[in-house]
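K.L.:
The sequence isn't on hand, but the structure is:
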């Protein structure tokens, strides 16, 4: 896969956004616009994360069939 850097980037973004949601829930509430922005980022990141994971699994399966 040419874009092998994309999976770690999406994992970091997802971890940060989940951390911010945890802070919002447990430590102190954030403004509504911040929570909505984090939610939009998480939705976009979820699509990118699922795409890169599927591509990586497909690439690994194709490599295994050649052997």
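P.N.:
In hand now; what should we look at? Note that the coordinates shown come from a computational prediction; the quantities given were computed from them, not determined experimentally.
K.L.:
what comes up buried for the strand or helix carrying residue 16?
P.N.:
Using DSSP states H and E, the element containing residue 16 is helix 6-22. Neighbour-count burial for helix 6-22 flags 6, 7, 10, 13, 14, 17, 20 (criterion: 16 or more other C-beta atoms under 10 Å). The C-beta positions use only the backbone N, C-alpha and C, and glycine is treated the same way.
K.L.:
now do stretch 28-42
P.N.:
For stretch 28-42, using 16+ other C-beta under 10 Å, the buried residues are 30, 38, 42.
K.L.:
Tell me the one of these nearest residue 24?
P.N.:
residue 30 (4.7 Å; C-beta to C-beta).
K.L.:
how about that closest one, what does it touch?
P.N.:
20, 23, 24 (C-beta atoms under 8 Å, 6 or more residues apart in numbering).
K.L.:
Next, format the residues you listed as CSV and append pLDDT and distance to residue 48.
P.N.:
As requested, the contacts of residue 30 are exported to CSV (pLDDT from 0 to 100; distance: C-beta to C-beta, whole Å):
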residue, pLDDT, distance to residue 48
20, 95, 18
23, 95, 23
24, 95, 22
